[in-house]
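In: Next come a sequence and a model predicted from it.
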Amino acid sequence: MTSCATSHLSLDGVYGFDARGVAKRFRHAAIFGALDSLDEGETMRFVNDHDPLPLLAQIKQRYQGKVKVSYQQRTHEAVVIDFAIQSIQATATNEGCGTNGCACSGQ
């Protein structure tokens, strides 16, 4: 018998989230809750019936670059996006010269 603590394990660190099964009025709260529960290095594979541009803007603002967004599929049938939780150090490195401890000379 599997306990609640282990029943959600993913061997590859990728967890599925199909937004199509969540009532529209609860979707963003459910998505933020799912993202907040991920640890560094884990990914949520998000599936939706449309490109969630307002949600992506909210994620960018809320998580300040901690969540890497990678489209896996973008068709009229479905949009699949991987939301990967990055380390603070990786986030700083991705922001460019002169930010959060960037070691380059800025030239």
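Out: Cool, got the structure.
In: contacts, neighbours, all on C-alpha from now
Out: Noted.
In: How about the secondary structure of the spatially most central residue of the chain?
Out: Centroid-nearest residue in the chain: residue 83, 2.2 Å away (criterion: C-alpha atoms, centre = their mean). For residue 83, the secondary-structure state derived from DSSP: H, G, I helix; E, B strand; the rest coil is strand.
In: measure it to residue 76 for me?
Out: Distance, residue 83 to residue 76, using C-alpha to C-alpha, to the nearest Å: 20 Å.
In: what's the nearest residue to residue 14 if we skip its chain neighbours?
Out: Distances taken as C-alpha to C-alpha, 6 or more residues apart in numbering put residue 43 closest to residue 14, at 4.6 Å, once the chain neighbours are dropped.
In: ok, that neighbour - how many residues close by?
Out: 24 (other C-alpha atoms under 10 Å).
In: Now do the contacts for it.
Out: Contact partners of residue 43, counting by C-alpha atoms under 8 Å, 6 or more residues apart in numbering, are 13, 14, 15, 82, 83, 84, 85.
In: hmm, 6 Å instead?
Out: With contact taken as C-alpha atoms under 6 Å, 6 or more residues apart in numbering, residue 43 is in contact with 14, 83, 84.
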